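> How does the following fold in three dimensions:
(2 chains)
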Amino acid sequence: MTEMSYEAPSTLVAAVALLAGADGGGKILAGGTDVLVQLHAEMIDPDVLVDIKNIPEVRAMSENGGAWQVGAAVPGMQIIDDADFADAWPGVCEGVALIGSVQVKARASIGGNLCNGSPAADSVPAIIAAGAVAMIIGPGGSREDAVENIITGPGKTSIGNGEFIVSFGFPKRPAHSGDCYLRLTPRTEMDIAVVGVGINITLDDAGTCIAARVAVCAVAPRPLLVADAADALIGTTVDAGAVENMIAAVRAACDPISDKRGTKEYRIKTAGVIARRALEKALERAKAN
Amino acid sequence: MAKKSHVTTTVNGDEYEYLCEPGQTLVDVLRNELELTGTKEGCSTGDCGACSVILDGELVCSCLVLAVETDGKSVATIEGMAAGDQLHPLQRNFLELNGLQCGICTPGVLIAAKALLERNPDPTEIETRFWLAGNLCRCTGYDKIVRSVMAAAEEMRGA
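As a prediction, the model looks like this:
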């Protein structure tokens, strides 16, 4: 085992240089609620731990003309305590609020929740449904990618060697928009989703759905954007038939495992139920603004 | 030997200077370097909350914080909760209402409860239970803990 060093650069450029210098031996430290557990369990053995929390861009949270920019290492508690952000994206806040205890949320970030690559990451479906874009920096410069493209499998991401996520861009909300994240767990707190569904919907003045995004977690090797489920809603007044079509599309997209939290059949069945309930809440919110 | 870092952390108002290794956790430094053993280490994975401390105003698990990350920061632990011989109302109510049995989870529970009451002086029982979800207790069944917190909150509101 090599001896690990700790670095806390204060600029993006310095962080990129440190990661490049580590030649694959660098590990990003944000809130540390996954990384420190993995480090002490010797699941990871980095040469350099690069703490990005002193970099202003990854800790900033700002709104500009209705669009939000949320730094990748902004702690969960700061996100859910921001009344303006919670007003714009209540579903994202519902997902973040379900990440562990208060103690964990005081450190854990959405960048970390995403990059840990869990198929059941609670903040991820709502962020995918929101249409958020990850701003990524690395040795080749900056690039952007949709959040649904980041997790590629359990514990695996499309973030390349020497790259890291700086922030997430959330688009401006049109009128009559609402989102919601719901999950099913045996306990109310401190548990891992059996199934989670994030839905983001926009209606026109007449109540017809003009945009929708539906994302699921814990029912496939990675969180998924279910385009067929959104297509079942777009162009409808979200009538009973459209809701049934959405439920069927969600269930068709599920490819879960059976484990102690639920069998494959149970997960597929309940994914539809949770999707219907999340849609009802998102719809209620869309009609209220 | 890994290169040790020179770190300065304010703990309960006192400035401590120490050397630590990059991977050393805050709970390890508190207990084994600074000999502040009131903070307990339970699971070491952020699940049990026994090591809860306040870091720059935020309730955190000190097993999930590296000591090097606390350079220049302020930490509040259970040792700083009483004012000299005067117990904090939470501590007194835990004693009076039997909010503890074996006591291992208690420092973490008290720190978490103090953070709750600073944020919300009048929490409902449900809010209290949700806030304390990150603090595991295998003795009390939680009821006496929750009652102790609610009683302390009432006392602190001057009701």
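> mind listing the strands in the stretch 1-150 of chain A by residue range?
A:5-7, A:26-29, A:48-51, A:61-64, A:67-71, A:133-138, A:141-146 (DSSP state E, counting those that start in this stretch).
> Columns mean neighbour count and mean pLDDT on top of those, output as CSV?
C-beta coordinates here come from the backbone N, C-alpha and C atoms, glycine included. Output for the strands of the stretch 1-150 of chain A, formatted as CSV (neighbours: other CB atoms under 10 Å in any protein chain shown; pLDDT from 0 to 100):
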stretch, mean neighbour count, mean pLDDT
strand A:5-7, 21, 96
strand A:26-29, 21, 98
strand A:48-51, 22, 98
strand A:61-64, 12, 98
strand A:67-71, 22, 98
strand A:133-138, 20, 98
strand A:141-146, 11, 98
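> correct me, but residue A:224 touches residue A:148?
Yes: taking contacts as CB atoms under 8 Å, residue A:224 lies within contact range of residue A:148: 7.4 Å.
> For chain B, list the residues in contact with chain A, please.
Chain B comes close to chain A at residues B:1-3, B:5, B:22-23, B:25, B:44-47, B:49, B:52, B:55, B:58-61, B:63-66, B:68-69, B:112, B:115, B:130-131, B:133-135, as judged by CB under 8 Å from any CB of the partner chain.
> 7 Å instead, please
B:2-3, B:5, B:22-23, B:44-46, B:49, B:52, B:58-61, B:64-66, B:68-69, B:130-131, B:133-134 (CB under 7 Å from any CB of the partner chain).
> where's the closest residue to chain B within the stretch 1-150 of chain A relative to residue B:46, distance?
In the stretch 1-150 of chain A, the residue found nearest to chain B is residue A:101; the distance is 2.3 Å by CB to the nearest CB. Between residue A:101 and residue B:46 the computed distance is 8 Å (CB to CB, to the nearest Å).
> can you check residue A:125 too?
From residue A:125 to residue B:46 the distance is 23 Å (CB to CB).
> These two: which has the busier surroundings?
residue A:125 (36 against 26; other CB atoms under 10 Å in any protein chain shown).
> For residue 55, give me its contacts.
You didn't pick a chain, so chain A it is. A:9, A:10, A:11, A:12, A:15 (CB atoms under 7 Å, 6 or more residues apart in numbering or on different chains).
> Actually, chain B is the one I wanted.
Shown in contact with residue B:55 (CB under 7 Å, 6+ apart): B:65, B:70, B:73, B:75.
> And for the second one, nearest residue in space, chain neighbours not counted?
Closest residue to residue B:70 apart from its sequence neighbours, by CB to CB, 6 or more residues apart in numbering or on different chains: residue B:9 at 4.5 Å.
> how about the helices in chain B?
B:26-28, B:89-96, B:106-119, B:125-131, B:143-156 (DSSP state H).
> Please give me every residue in contact with residue A:274.
Contacts of residue A:274 by CB under 7 Å, 6+ apart are A:182, A:183, A:184, A:195, A:197.
> so the second one touches residue A:191, yeah?
No: here residue A:183 lies out of contact with residue A:191, judged by CB atoms under 7 Å, at a distance of 8.7 Å.
> neighbour-wise, which of the two wins?
Counted by other CB under 10 Å, residue A:183 and residue A:191 do not tie: residue A:183 has more neighbours, with 22 against 17.
> which helices and strands sit right next to the helix or strand that contains that one?
According to DSSP states H and E, residue A:183 maps onto strand A:177-184. Strand A:177-184 is packed against helix A:90-97, helix A:124-129, strand A:195-203, helix A:264-287, with contacts defined by 3 or more CB pairs under 7 Å, 6 or more residues apart in numbering or on different chains; DSSP states H and E.
> In its sheet, which strands sit next to it, and in what direction?
strand A:195-203 (antiparallel) (DSSP bridges).
> Tell me what residue A:164 is bridged to.
Residues in beta-bridge contact with residue A:164 (DSSP bridges): residue A:137.
> Next, count neighbours for it.
Residue A:164: 25 neighbours (other CB under 10 Å).
> For it, give its distance to chain B.
Distance, residue A:164 to chain B, by CB to the nearest CB, to the nearest Å: 17 Å.
> Help me confirm that that residue comes into contact with residue A:27.
No: in this structure residue A:164 lies outside contact range of residue A:27 using CB under 7 Å: 10.1 Å.
> Tell me which residue of the stretch 151-289 of chain A lies closest to chain B.
Nearest residue of the stretch 151-289 of chain A to chain B, counting by CB to the nearest CB: residue A:189, 3.9 Å away.
> what ranges do the strands span in chain B?
B:5-11, B:14-20, B:52-55, B:58-61, B:74-76 (DSSP state E).
> Point out the one among these that comes closest to residue A:214.
With CB to CB as the measure, strand B:58-61 is the member of the strands of chain B nearest residue A:214 (33.9 Å).
> Show residues contacting the closest one.
Here strand B:58-61 has contacts from A:77, A:102, A:103, A:106, A:107, B:46, B:49, B:51, B:52, B:53, B:112, B:115, using CB under 7 Å, 6+ apart.
> Given that strand, what are its sheet partners and their directions?
Sheet partners by DSSP bridges: for strand B:58-61, these are strand B:52-55 (antiparallel).
> returning to that earlier point: just the helices and strands packed on strand A:177-184: most buried one?
Neighbour counts (mean count of other CB atoms under 10 Å in any protein chain shown) averaged over each of the helices and strands packed on strand A:177-184 peak at helix A:124-129, with a mean of 32.
> Tell me which residues are up against that helix.
Contact partners of helix A:124-129, identified using CB under 7 Å, 6+ apart, comprise A:91-92, A:94-95, A:110, A:113-114, A:147-148, A:151, A:168, A:179, A:181, A:196-200, A:213-217, A:223, A:225.
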